[in-house]
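> sequence first, predicted coordinates after that:
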Amino acid sequence: MKPEKVKFMLMAADMRRAVAFYRDVIGLDEIFVSDFWTELRHGDAIIALHGGHDGSRNPTGLTFQFENVLAVADRISTAGATMLQYPAPREGEPIILGIFRDAEGNEIFITQYIG
C-alpha cells in the first residue's frame with residue numbers, strides 16, 4: 001500500500017507569523033489554517049505547521065528550489081528571517097545553495113539549479 005499524501009512538518013511559535021511568511025514570502029498556498037495545525041502546499045507538496053513550539057533552533061533538511069535564489073534570499077531577509085549562509089555556488093554540485101532560519105527557529109535550505 002502506498003501513502004495517500006506526504007507532508008513535511010515544521011514547528012511554529014507564532015502560527016499567524018509562520019503562515020504569513022510561508023504564504024507571502026515563500027509562495028505556498030493555504031489549504032487549512034488553525035492556531036495549532038496548518039497545511040500549505042506547492043503542487044502536491046504539503047508543508048504542515050505545528051503550533052506550540054518555543055522558537056528554538058530546529059534543523060529540518062527541507063529545501064525550496066527557486067529560479068532566482070538570490071532575489072528570494074533578499075526577500076527572506078527583509079521578511080525577518082536570518083540568512084545563515086547567503087546563497088553561493090557549491091563546488092562539484094549543480095546548485096547555488098543558501099540556508100536561512102525562519103522566525104520560528106526552522107532552518108531551511110534554498111537552492112537554484114544551475115545545471
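Everything's here; your move. Just so you know, these numbers come straight off a predicted model, no measurement behind them.
> which residues of the chain fall in helices?
Using DSSP state H, the helices of the chain run over 15-20, 69-78.
> list the contacts for residue 79?
21, 24, 25 (Cβ atoms under 8 Å, 6 or more residues apart in numbering). Backbone N, C-alpha and C define where each C-beta goes, glycine included.
> quick revisit: need the helices of the chain in a markdown table with distance to residue 85 and mean neighbour count, can you?
Shown next, in a markdown table, are the helices of the chain (distance: least, Cβ to Cβ, whole Å; neighbours: other Cβ atoms under 10 Å):
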| stretch | distance to residue 85 | mean neighbour count |
| --- | --- | --- |
| helix 15-20 | 21 | 17 |
| helix 69-78 | 9 | 17 |
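> nearest to residue 31, of those helices?
Comparison of the helices of the chain against residue 31 by Cβ to Cβ identifies helix 15-20 as nearest, at 11.0 Å.
> can you tell me what sits against the closest one?
10, 12, 30, 33-36, 38, 40, 49, 51, 102-104.
> mind doing that once more with 6 Å?
12, 33, 35, 38, 49, 51, 103, 104 (Cβ atoms under 6 Å, 6 or more residues apart in numbering).
> and that helix, how far out from the chain's middle?
12 Å (Cα atoms, centre = their mean, to the nearest Å).
> again, but for stretch 2-15
11 Å.
> what does stretch 47-67 give?
Here stretch 47-67 shows a centroid-to-chain-centroid distance of 6 Å under the convention Cα atoms, centre = their mean.
> cool, stretch 60-75 as well?
That offset, for stretch 60-75, works out to 8 Å (Cα atoms, centre = their mean).
> could you do stretch 27-44 as well?
12 Å.
> can you pick the most crowded of the contacts of residue 79?
Most neighbours among the contacts of residue 79, by other Cβ atoms under 10 Å: residue 21, with 22 neighbours.
> ok, it to residue 4 distance?
27 Å (Cβ to Cβ, to the nearest Å).
> likewise residue 11?
23 Å.
> now the contacts of residue 79 in CSV, with pLDDT and distance to residue 62?
Below are the contacts of residue 79 laid out as CSV (pLDDT from 0 to 100; distance: Cβ to Cβ, whole Å):
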residue, pLDDT, distance to residue 62
21, 98, 13
24, 98, 18
25, 97, 14
